[in-house]
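1. What follows is a predicted protein model with its sequence.
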Amino acid sequence: MKGRWRYTRLPSQVEDALSAEEGEEEEGETAPAPAPISAPAPEDPVEPQLAEASQVLGASEIKQLSLHLPPRVTGHPWSLAFCTSRDGFSLRSLYRQMEGHSGPVLLVLRDQDGQMFGAFSSSAIRLSKGFYGTGETFLFSFSPQLKVFKWTGSNSFFVKGDLDSLMMGSSSGQFGLWLDGDLYHGGSHPCATFNNEVLARQEQFCIKELEAWVLS
């Protein structure tokens, strides 16, 4: 009796609506809307190695965040490229410290109310004419339990860096996370990019400490 081959069709990978190229996207362009990212995190991740201690995150918060990072940065060391306690409260200083880095960045901050929140950017924080980044970008908040707000596919307004402000996520003229040029005042509003809640206790907040970790 002759055997019969059985063919199984494999599902194709769904690509990000944005490529990771350096080209920037002007606000107004909208990517196709895939289903929200909801893949379960691994049970036993490789815990990241920090070059120095964080003044914002404790060991528990670091471990929780590592569960939600893209696989391509799993096990990579975290290098502190910028912190306000060392480099001062200046967005321009943050941009300068980011020069020479191309890898993903974890931006973490604590406000005057003690709330911890931030964002993961798929590429280095930099000045830009338009929004840039990929669907790996997300916002998060510890309130007090960790909440992660992934890309919804609704639009591609991930990160935009001006001289006087840094914006992450946008819709209807408001931003998921916004920081001013002095890295002292900021804001957070629900936005379609991440379908996020307000990250801080209030929509407007004052920053007490901010760190930018390069994951590469």
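-> Good, I have the coordinates. What you are looking at is a predicted structure, and each value in this text was computed from that prediction instead of being measured. Numbering: from 1, shown residues only.
2. in this protein, which segments are predicted with low confidence?
-> Along the chain, the parts satisfying pLDDT under 70 run over 1-46.
3. Each with direction, which strands does the strand ranked longest in the chain pair with?
-> With DSSP state E setting the assignment, residue counts place strand 204-215 as the longest strand in the chain. Based on DSSP bridges, the strands next to strand 204-215 in the sheet, each with its direction, are strand 78-83 (antiparallel), strand 105-111 (antiparallel), strand 185-187 (antiparallel).
4. how about those, which one is nearest residue 57?
-> For these, distance to residue 57 was read as CB to CB. The smallest value, 5.7 Å, belongs to strand 105-111. (Glycine included, C-beta is placed from N, CA and C.)
5. Report the inter-axis angle for the next helix or strand after the closest one versus strand 204-215.
-> Note on strand 105-111: by DSSP states H and E, the next helix or strand toward the C-terminus is strand 116-121. Taking axes from the mean of the first three to the mean of the last three CA atoms, to 10 degrees, one finds strand 116-121 and strand 204-215 inclined to each other by 50 degrees.
6. Show me what strand 116-121 is packed up against.
-> Using 3 or more CB pairs under 8 Å, 6 or more residues apart in numbering; DSSP states H and E as the contact criterion, the neighbours of strand 116-121 among helices and strands are strand 105-111, strand 138-142, strand 174-180.
7. again, 10 Å this time
-> Using 3 or more CB pairs under 10 Å, 6 or more residues apart in numbering; DSSP states H and E as the contact criterion, the secondary-structure elements in contact with strand 116-121 are helix 59-66, strand 105-111, strand 138-142, strand 146-149, strand 159-161, strand 165-171, strand 174-180, strand 204-215.
8. okay, the ones you listed in JSON lines with distance to residue 49 next?
-> What follows is the helices and strands packed on strand 116-121, written out as JSON lines (distance: least, CB to CB, whole Å):
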{"stretch": "helix 59-66", "distance to residue 49": "10"}
{"stretch": "strand 105-111", "distance to residue 49": "14"}
{"stretch": "strand 138-142", "distance to residue 49": "20"}
{"stretch": "strand 146-149", "distance to residue 49": "20"}
{"stretch": "strand 159-161", "distance to residue 49": "25"}
{"stretch": "strand 165-171", "distance to residue 49": "26"}
{"stretch": "strand 174-180", "distance to residue 49": "26"}
{"stretch": "strand 204-215", "distance to residue 49": "11"}
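9. Pick the most deeply packed of the strands paired with strand 204-215.
-> Per-stretch averages of neighbours, counted by mean count of other CB atoms under 10 Å, single out strand 105-111 among the strands paired with strand 204-215, with a mean of 23.
10. distance of residue 95 from residue 134?
-> With distances taken as CB to CB, to the nearest Å, residue 95 is found 20 Å from residue 134.
11. Using JSON lines, please lay out the strands paired with strand 204-215 together with distance to residue 148.
-> Converted to JSON lines, those look like this (distance: least, CB to CB, whole Å):
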{"stretch": "strand 78-83", "distance to residue 148": "18"}
{"stretch": "strand 105-111", "distance to residue 148": "12"}
{"stretch": "strand 185-187", "distance to residue 148": "19"}
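12. Does residue 171 touch residue 131 like I think?
-> No - with contacts counted by CB atoms under 10 Å, residue 171 stays clear of residue 131, the gap being 11.9 Å.
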